[in-house]
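Student: The following comprises the amino acid sequence and a computationally predicted model.
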Amino acid sequence: MDSVSISEVSKKYIYKGKAHLVVDEISFDIRPGEIFGLLGVNGAGKTTTIKMISGLTIPDSGTVRIFGLDPSNSKTQKLIGTILEGNRNLYWQLTALENLVYFGVLKGMSIAAARKKGAALMEEFQFDQYKDLLVQNMSRGMQQKLAIKVALMHEPKVLILDEPTLGLDVPTKDFFSRFISDIAKNMGISILLTSHDLEFVGRTSNSFGVIQNGKLVKYGKMQELNAWIDDSGYRVILADELGGDEAKQLEKFGGKVIQENHANFLVSKEHLYQFLDAVKPANIINIKSLANDLEELLLNTRLEK
Ligand SMILES: Nc1ncnc2c1ncn2[C@@H]1O[C@H](COP(=O)(O)OP(=O)(O)OP(=O)(O)O)[C@@H](O)[C@H]1O
Ligand SMILES: [Mg+2]
């Protein structure tokens, strides 16, 4: 059985008297041990989707099932661990260890079991020296690490992480990527994560989805994401506009030519050097790979083959 299964889920919000459809008939499944990375630009609908899967928001239509159960019922809640954006699952006036114990007990653990598990997690994450530090006195990265521990306290079967890499430094991000891969593989936990860090999602997840304006526009195995990324070309920006004929001539090297204050080209991978030869001696102010730029990828600026 899939651990997470959502089918044709939609959600509208009313803003200034008008209904806005922010999640539009999204369907996907996550199996035990699978890490699913959800990508999308700001406002695409990722957090809203995550909240519906966590049982924090009720969909207008469609179904969400966690091991076949409704996510909002209390039995299902014990199977889920969630971290929303911005460390909201911590109490700032409590210490690190107090937070772990408090939230463990809230999820149904005994105080003794919560203390034991809390201490073990502190050690595993090399956080022991900070166990008595108040959350309000922690750096953002430390708070994020603690939030992850809080979500793991009751040993959930489904872990939902909304932008878990926010505020993490490179070594911590590496540790975290390995850590979630390990718990997915060794404990069969299903992980749903969102991130604006394409590189992190690429190396950590086994499957991915891309949300655009509330719709799931891509969904597949990680290899497909890599193929999608590899297909991309370059954006080349010249200092000055070109004459219309000149610009038209260059269109054969790629997709669009956008002339604003600068001449802005999307150039296919195989034509890059020909293109650069053709624009000589124009002043180039920027060449950037579309593949490494999530915003570019998600705005669908990639070149069609
Ligand atoms: N409670 C709410 N009331 C009204 N509109 C909302 C509410 N929550 C979210 N929205 C709107 O729904 C849309 C999707 O928001 P959501 O938070 O799901 O995006 P997101 O993909 O998580 O973006 P980000 O990358 O910025 O976190 C946005 O336009 C947002 O303004
Ligand atoms: Mg969000």
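Tutor: Happy to help now that I have it. Numbering: from 1, shown residues only. Ligands and ions are numbered 1, 2, ... in the order given.

Student: which residues sit in contact with the most centrally placed residue in the chain?
Tutor: Nearest to the mean C-alpha position of the chain, by C-alpha atoms, centre = their mean, lies residue 194 at 1.8 Å. Contacts for residue 194 (C-beta atoms under 8 Å, 6 or more residues apart in numbering) come out as 37, 38, 39, 40, 46, 47, 50, 161, 162, 163. For every residue, glycine as well, the C-beta is placed using N, CA and C.

Student: Please narrow the residues you listed to those residing in strands.
Tutor: 37, 38, 39, 161, 162 (DSSP state E).

Student: Select from these the one having the most neighbours.
Tutor: residue 38 (28 neighbours; other C-beta atoms under 10 Å).

Student: returning to that earlier point: nearest to ligand 2 among the contacts of residue 194?
Tutor: Of all those, ligand 2 sits closest to residue 47, with 3.2 Å by C-beta to the ion.

Student: and the closest residue to residue 6 other than its chain neighbours, helix, strand or coil?
Tutor: The shortest distance from residue 6 to any non-neighbouring residue, by C-beta to C-beta, 6 or more residues apart in numbering, is to residue 64 (4.9 Å). Under DSSP: H, G, I helix; E, B strand; the rest coil, the three-state class of residue 64 is strand.

Student: And for residue 144?
Tutor: Applying three-state DSSP: residue 144 is helix.

Student: From residue 136, how far out is it?
Tutor: As judged by C-beta to C-beta, to the nearest Å, residue 144 and residue 136 stand 14 Å apart.

Student: Would you mind telling me which of the two has more residues around it?
Tutor: residue 144 (22 against 11).

Student: Once you drop chain neighbours, what's closest to the more buried one?
Tutor: Nearest to residue 144 is residue 167, by C-beta to C-beta, 6+ apart, at 5.1 Å.

Student: ok so, going back, close enough to count as contact, the residue nearest to residue 6 and residue 8?
Tutor: No. Residue 64 lies out of contact with residue 8 (C-beta atoms under 8 Å); the separation is 10.4 Å.

Student: Between these two, which is the more surrounded one?
Tutor: residue 64 (22 against 12).

Student: In contact with that one, which residues?
Tutor: Taking C-beta under 8 Å, 6+ apart, one finds 4, 5, 6, 9, 52, 53, 55, 70, 71 in contact with residue 64.

Student: got the contact list for the first one?
Tutor: Applying C-beta under 8 Å, 6+ apart to residue 4 gives the contacts 28, 29, 30, 36, 53, 64, 65, 66, 158, 190, 192.

Student: hang on, isn't residue 125 packed against residue 147?
Tutor: No. Look at residue 125 against residue 147 with C-beta under 8 Å: they stay out of range, at 11.5 Å.

Student: which of the residues in the top helix by length along the chain are buried?
Tutor: If you go by DSSP state H, the chain has its longest helix at helix 170-187. Residues of helix 170-187 classed as buried by neighbour count (16 or more other C-beta atoms under 10 Å): 172, 173, 176, 177, 179, 180, 181, 183, 184.

Student: so what secondary structure elements neighbour it?
Tutor: Contacts defined by 3 or more C-beta pairs under 8 Å, 6 or more residues apart in numbering; DSSP states H and E place helix 170-187 against strand 35-39, helix 140-152, strand 158-162, strand 190-194, helix 198-204.

Student: Tabulate the ones you listed in TSV, adding columns for distance to ligand 2.
Tutor: TSV is the format used below for those (distance: least, C-beta to the ion, whole Å):
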stretch	distance to ligand 2
strand 35-39	10
helix 140-152	15
strand 158-162	6
strand 190-194	6
helix 198-204	14
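
Student: Nearest to residue 131, out of the ones you listed?
Tutor: helix 140-152 (9.8 Å; C-beta to C-beta).

Student: what about residue 134, distance to ligand 2?
Tutor: 27 Å (C-beta to the ion, to the nearest Å).

Student: Burial check on the closest residue to that residue other than its chain neighbours, number of neighbours?
Tutor: Once flanking residues are discounted, residue 134 sits nearest to residue 95: 5.7 Å by C-beta to C-beta, 6+ apart. If you count neighbours by other C-beta under 10 Å, residue 95 ends up with 18.

Student: what does the one 4 residues further on give?
Tutor: In terms of burial, residue 99 registers 25 neighbours under the definition other C-beta under 10 Å.

Student: Please name every helix or strand in contact with the one helix or strand it maps to.
Tutor: Using DSSP states H and E, residue 99 falls within helix 96-106. With contacts taken as 3+ C-beta pairs under 8 Å, 6+ apart, helix 96-106 sits against helix 111-124, helix 140-152.
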